[in-house]
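> Sequence first, predicted model second:
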Amino acid sequence: MIIAILIRVLETLFGLFSLALLLRVLLPWFRVAPQNPFLRFLTTITEPLVLPVRRWLGGGTVGWGGRGYLDFAPVVTFLLLWLVEAVIVRVLLAIASPPLWVLHPAADPARWINGVLGWLFQLYSLALLVRVVLDWIRIPHAQGLWRFLWRITEPVLAPIRRFLPRWGGLDFSPVVAVLLLSLVQMVLQGLIQALF
């Protein structure tokens, strides 16, 4: 009960802060002046989280056609916030009611192995997603996170890229990789079920 209340409070706080970040990005597009009190308020309450991300990005503002600019730092902060919320909520749910395969791995080894494999495949798929986002927002390849993600994802993406042509300059190898990972996970889970 306490964890359910805590999750609800966290979701509400994260939701409100995420809304503030999105409004901070969108209001300049609708020609709201930076001196507007509401926009200044949004900037003031979100800046403590946006500032480290802006430093990490090395600026983060990108011109967007004749319409103005897009401030990527709040967008990336929003994505990171969403990711942190998802992880915290999942951990809290696992604490509230841990899956049986975690508590008693010997009772059902196939379920335990499949559970661990599922987590590993989800983490790898998340690494692919983060790499796509970092590539999309043009993070310098010298960044430590980018280099780490490149090292763990490129061995899977490079062979796919060799066989998959680019359409309109877009690289669809991460999408194919996620689909192939899902297929491999299903096959492995079936084999493990059959063995145990």
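It's in.

> domain assignment for the protein?
Here the domain parsing of the chain from automatic domain parsing is 1-97, 101-196.

> Reformat those as CSV; add mean pLDDT.
Below are those laid out as CSV (pLDDT from 0 to 100):
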stretch, mean pLDDT
domain 1-97, 80
domain 101-196, 81
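
> Pipe those domains into a markdown table and attach mean neighbour count per row.
In short, each C-beta sits where N, CA and C put it, glycine included. Output for those, formatted as a markdown table (neighbours: other C-beta atoms under 10 Å):
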| stretch | mean neighbour count |
| --- | --- |
| domain 1-97 | 14 |
| domain 101-196 | 14 |
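
> residue contacts, the nearest residue to residue 172 once chain neighbours are set aside?
Nearest residue to residue 172, sequence neighbours excluded (C-beta to C-beta, 6 or more residues apart in numbering): residue 164, at 6.1 Å. Going by C-beta atoms under 8 Å, 6 or more residues apart in numbering, residue 164 touches 172-173, 176.

> Would you state the strands of this protein in chain order?
Assigned by DSSP state E, the strands in the chain fall at 61-64, 68-71.

> What distance do you get for the residue nearest to residue 172 to residue 179?
Taking C-beta to C-beta, to the nearest Å as the measure, residue 164 falls 12 Å from residue 179.
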